[in-house]
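Participant: can you look at this prediction? I've put the sequence above it.
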Amino acid sequence: MSLLSVEGVFKSYGDRKVLDGVSLRIDRGERLALVGGNGAGKTTLLRIVRGLETADAGRVVVASAAVPGYLPQDLEEAVALGETARSDPEARELEARLRGIERSMEGADRSQLAEYDRLNARYQAIGGYDIDLRTAEALRGLGFPVEAMDRPVVTLSGGERMRVALARLLVRSPDLLLLDEPTNHLDVDALEWLEDFLRRFKGGILVISHDRFFLDRVATSVAELSGTLRTRPGNYTAFVEQKRVEAAFGESEVRRLEEEAARAAEVAQTLRSHRKMVSFHSREKVVQKLTDKLEEARARLPATSARRISVTILRPERIENFEAVKEILSARNLTKSFGSRTLFRDLSFRIRLGDRIAIAGPNGCGKSTLLSLLLGDDAEFEGEVRVAEWLRYGFMGQHTSFVDEDATAFDEIARPGTLTETGVRSRLALFGFRSTDAFKRIRVLSGGERSRLYLCRMLMDEPDCLILDEPTNHLDIESREVLEDALAGFGGALVAVSHDRYFIARCCRLVYAFDQGSLRTYGSYDEYRDDMRRREGEAAAASAVKAQERAMDGREQAARAGSLRPSDARTRAQERRETAMRKEMLRRIERDIAAGEARKAELEAGFPAGAPAADYVEYQELLSRIDALYSEYLTLEGEPAES
């Protein structure tokens, strides 16, 4: 039986139909990626599967034994802000309810005992006894700062909250993962950890993502949602190639039918002119059938235009005037600090007119801060930044703003007065604003539409250098491809901070990567990540060698003392992990023993002389539980600690 089966689901909001008979199924080992434009209904479908919304028609069946895990896009919904990062809210709530029942139970109250057993079974099912330790382990894999483990979630950044939500989900070992934009806010190290985890995951996955590189590494099939659902096997690149082949075949079929319909119409006209009316009417029916087939073939073509963007962004004569190899911007011994914390030190680099540079590195390393320095928005730094006097640049940040939010997209592009009405419409069409979309008011545009319009307007100023800060954030795949196509023919310099690996591969030739406060230069993104993995592997190997040497020293000393054979010793890394887990379990047992002793004292103080045997049931169970806790505590305490 499938882990998930969605059959003929319909959903409308008012007169707007979002889901139109959507069906899919997911088996173990399948990783289905759900793609489509913003507003296509992807999140709605995920919420219906999770039971958070109700379909108008159709049904959703999750296997009875399957444990689903849901990661919403809204971080406020995904994490409890009052808890610390490593602490699990459900485990804490279950512990509190269990302790409450233990304090309030009287005699052999079967209803309370049944509730206690139910809660205790759930506590054990989620691994409550060591869930905080496993959460911490998952957080470390996701690149979560160790020093932030015990901070309240409300004080964490968006990226840190996403890691907490993911860690809490993954430690429950669900059978079915429902993930809505899980890569949002994650840096490259965390992304690669998540990709590796999901590829090893044995259950089923339904994931919404606009990260094409992530989908290439994770997806086993891709489903495109646009009212109805069309699923194709393979990863995202295979999906795009299949769509291209299907579109080419569809266009060929349309051309064939157009030619055939035109010939049939010509024959019909000839028959009519020769007054062969019986044959003419027969041929008319053929023409009508061909016309119907032609309309059906046209309807099957992709809704978006297959034409790629070709925009002249920088006039050739301007490049010739300033020479394509001319230096436009340079930094020398650039240092930036916030109080006692130095973000980066002694950065030196040059940017020439034709350079296309991606700035990469983990969250918080200083990428966006560096852009602020280059743009002149931050003058509090040490060192020197030089910018060519003639340089014209365009900047697009993570949030786009317009002077007049009530203006239409057409008004915004027509405002400079350099284009005719036809020119404005053509320009807007290149950036995905066709027909009535050109007359939408800016305030009602989606995030992707706003970014496309902003880019369209910015490029009309023919900048020499584009500076982009996470330009693909919140864009659907179509909008990302519009952006990339627009930048493909750009003749000036491009400097972009981005976590979008697909964007970097298509649009950038060099990578400036932050590394412990300095910059390293790479010829490609793959070269950068290969070097990072190699250096991390070397560091891990060196650390393992040192740990092994320390362990060998310890084994030799123990062997000489006659207390331990060398083959019995464990590595220091294993000892540290086991010691941490043992200490956490000891603290948990201490809390449970304290609560048990307190309850024991309450019961002993309240027992009247000659009380019936039934009154002592809880007391006897409590004594057995306390004895078991003491035994477990002494066993753990007696295990060898880390030397």
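Facilitator: Structure received. Residues are numbered from 1 along each chain as shown.

Participant: just for the stretch 101-250 of the chain, where's the confidence low?
Facilitator: Scanning the stretch 101-250 of the chain for pLDDT under 70 picks out 105-111.

Participant: and the helices in it?
Facilitator: 110-125, 131-141, 158-170, 188-200, 212-218, 236-273 (DSSP state H, counting those that start in this stretch).

Participant: any chance of those helices in JSON lines, plus distance to Gly383 and mean neighbour count?
Facilitator: Where you see a C-beta, it was placed from the backbone N, CA and C, and this is true even at glycine. Below are those laid out as JSON lines (distance: least, CB to CB, whole Å; neighbours: other CB atoms under 10 Å):
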{"stretch": "helix 110-125", "distance to Gly383": "56", "mean neighbour count": "13"}
{"stretch": "helix 131-141", "distance to Gly383": "35", "mean neighbour count": "21"}
{"stretch": "helix 158-170", "distance to Gly383": "28", "mean neighbour count": "23"}
{"stretch": "helix 188-200", "distance to Gly383": "27", "mean neighbour count": "17"}
{"stretch": "helix 212-218", "distance to Gly383": "34", "mean neighbour count": "23"}
{"stretch": "helix 236-273", "distance to Gly383": "42", "mean neighbour count": "15"}
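
Participant: looking at these, which is closest to His499?
Facilitator: In terms of CB to CB, the element of the helices of the stretch 101-250 of the chain nearest to His499 is helix 188-200, at 6.5 Å.

Participant: which strands or helices does the closest one pack on?
Facilitator: When contacts are defined as 3 or more CB pairs under 8 Å, 6 or more residues apart in numbering; DSSP states H and E, helix 188-200 packs onto helix 158-170, helix 212-218.

Participant: one step back: which one of the helices of the stretch 101-250 of the chain lies closest to Asn473?
Facilitator: Of the helices of the stretch 101-250 of the chain, nearest to Asn473 by CB to CB is helix 158-170, at 11.1 Å.

Participant: angle of that closest one against helix 188-200?
Facilitator: Compare the direction of helix 158-170 with that of helix 188-200 by axes from the mean of the first three to the mean of the last three CA atoms, to 10 degrees and you get 20 degrees.

Participant: now helix 158-170: how far from the chain's centre is it?
Facilitator: The chain centre lies 11 Å from the centre of helix 158-170; the measure is CA atoms, centre = their mean, to the nearest Å.

Participant: what do you get for stretch 208-218?
Facilitator: 8 Å.

Participant: got a list of contacts for that stretch?
Facilitator: Contacting residues not belonging to stretch 208-218 are listed as 31, 33-35, 42-43, 46, 73, 179-183, 191, 195, 198-199, 205, 207, 222, 235-237, 472, 475-477, 480, 500-502, 505 [CB atoms under 8 Å, 6 or more residues apart in numbering].

Participant: can you map out the helices along the stretch 451-600 of the chain?
Facilitator: Under DSSP H, counting those that start in this stretch, the stretch 451-600 of the chain gives helices at 477-488, 501-507, 525-561, 572-606.

Participant: could I get the ones you listed as a markdown table with distance to Asp211 and mean pLDDT?
Facilitator: Output for the helices of the stretch 451-600 of the chain, formatted as a markdown table (distance: least, CB to CB, whole Å; pLDDT from 0 to 100):
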| stretch | distance to Asp211 | mean pLDDT |
| --- | --- | --- |
| helix 477-488 | 9 | 82 |
| helix 501-507 | 7 | 90 |
| helix 525-561 | 14 | 75 |
| helix 572-606 | 32 | 69 |
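
Participant: quick one, strands of the stretch 301-450 of the chain?
Facilitator: 327-338, 341-352, 356-360, 382-387, 393-396 (DSSP state E, counting those that start in this stretch).

Participant: and the ones you listed, which is most packed in?
Facilitator: Ranked by mean neighbour count, the strands of the stretch 301-450 of the chain are led by strand 356-360 with a mean of 24 (mean count of other CB atoms under 10 Å).

Participant: got the angle between that one and helix 188-200?
Facilitator: Using the same axes, to 10 degrees: strand 356-360 against helix 188-200 is 80 degrees.

Participant: residue nearest the centroid of this structure?
Facilitator: Geometric centre of the chain, nearest residue: Thr183, 1.5 Å, by CA atoms, centre = their mean.
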